[in-house]
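J.: missing the sequence, but the structure's below:
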């Protein structure tokens with residue numbers, strides 16, 4: 001199947017997880033979702049990533065984001081792995097794995113989401129099956145894919161960046177703005193090009209018009 005693109009509807013599926021069976025779209029409900037994949041259980045980089053997500057549960061919760069992991073192992077391995085994840089994360093702070101991890105031994109869901117490594121011939125399991133690469137999908141409440149990032153097996157993800165993008169997407173959906181390079185929550189934003197100048201003055205009283213007529217920035221006070 002062709003690669004999934006931004007704006008596609010995230011494929012629905014049924015799966016067994018560490019928190020019981022789910023139907024993916026039903027599980028997302030009216031929330032945002034982050035689906036993030038792992039090459040396999042008991043792998044060092046993945047253990048650090050899952051611990052980070054577990055420790056930042058409140059960061060996701062306050063943004064109405066559900067997180068769900070997927071790894072090419074069965075539920076028994078996942079349950080044992082959760083103990084390692086909690087133990088590793090405890091050195092940095094309280095770490096409880098409260099989000100589900102999908103069992104994907106047959107790679108069906110990884111294939112559905114085009115998350116398999118076909119380039120690196122060494123990145124395969126004992127059966128010769130390609131491992132699932134570190135892919136991230138951010139999905140909105142309409143089940144639309146809003147962000148995809150794929151990392152090589154050797155490199156852990158930056159969840160500060162993933163949360164930053166979620167903040168930007170949610171802000172843009174609500175306020176007709178976009179965000180500039182290296183934007184962080186609280187920084188000035190850019191008025192969306194679809195908003196004309198007169199509307200911009202009404203919507204954003206502190207709007208600043210720059211030399212470049214297509215660049216209009218404004219502070220944005222949000223909760």
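T.: Here it is on my side, so go on. Since we're looking at a predicted model, the values are computed, not measured.
J.: which helices and strands sit right next to the biggest helix by length in the chain?
T.: Ranked by residue count and defined by DSSP state H, the top helix of the chain is helix 159-175. Using 3 or more C-beta pairs under 8 Å, 6 or more residues apart in numbering; DSSP states H and E, the elements in contact with helix 159-175 are strand 32-38, helix 44-55, strand 134-139, strand 145-151, strand 177-178. Every residue, glycine included, has its C-beta placed from N, CA and C.
J.: Parallel or antiparallel, list what pairs with the third one.
T.: Applying DSSP bridges to the sheet, strand 134-139 is found paired with strand 32-38 (antiparallel), strand 145-151 (antiparallel).
J.: Out of those, flag the one nearest residue 92.
T.: strand 32-38 (18.9 Å; C-beta to C-beta).
J.: Quick one: distance of the closest one to the chain centre.
T.: Strand 32-38 has its average C-alpha position 5 Å from the chain's average C-alpha position, going by C-alpha atoms, centre = their mean, to the nearest Å.
J.: Any chance of the strands paired with strand 134-139 in CSV with distance to residue 198 and mean pLDDT as columns?
T.: Shown next, in CSV, are the strands paired with strand 134-139 (distance: least, C-beta to C-beta, whole Å; pLDDT from 0 to 100):
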stretch, distance to residue 198, mean pLDDT
strand 32-38, 33, 95
strand 145-151, 30, 95
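J.: ok so, going back, for residue 71, which of the helices and strands packed on helix 159-175 is the nearest?
T.: Residue 71 lies closest to strand 32-38 among the helices and strands packed on helix 159-175, at 4.1 Å (C-beta to C-beta).
J.: List the buried residues of the one helix or strand residue 198 maps to.
T.: In the assignment (DSSP states H and E), residue 198 maps to helix 197-203. If you call a residue buried by 16 or more other C-beta atoms under 10 Å, then helix 197-203 has these buried ones: 200-201.
J.: Residue 57: how many residues sit nearby?
T.: Residues lying near residue 57 (other C-beta atoms under 10 Å) number 16.
J.: Nearest residue to it in space, please, no chain neighbours.
T.: residue 98 (5.8 Å; C-beta to C-beta, 6 or more residues apart in numbering).
J.: now that neighbour: how far from residue 56?
T.: Here the criterion is C-beta to C-beta, to the nearest Å. By it, residue 98 lies 11 Å from residue 56.
J.: which of those two has more neighbours?
T.: Between residue 98 and residue 56, counting by other C-beta under 10 Å, residue 56 is the more crowded of the two (17 against 11).
J.: residues contacting the more buried one?
T.: Shown in contact with residue 56 (C-beta atoms under 8 Å, 6 or more residues apart in numbering): 159, 163.
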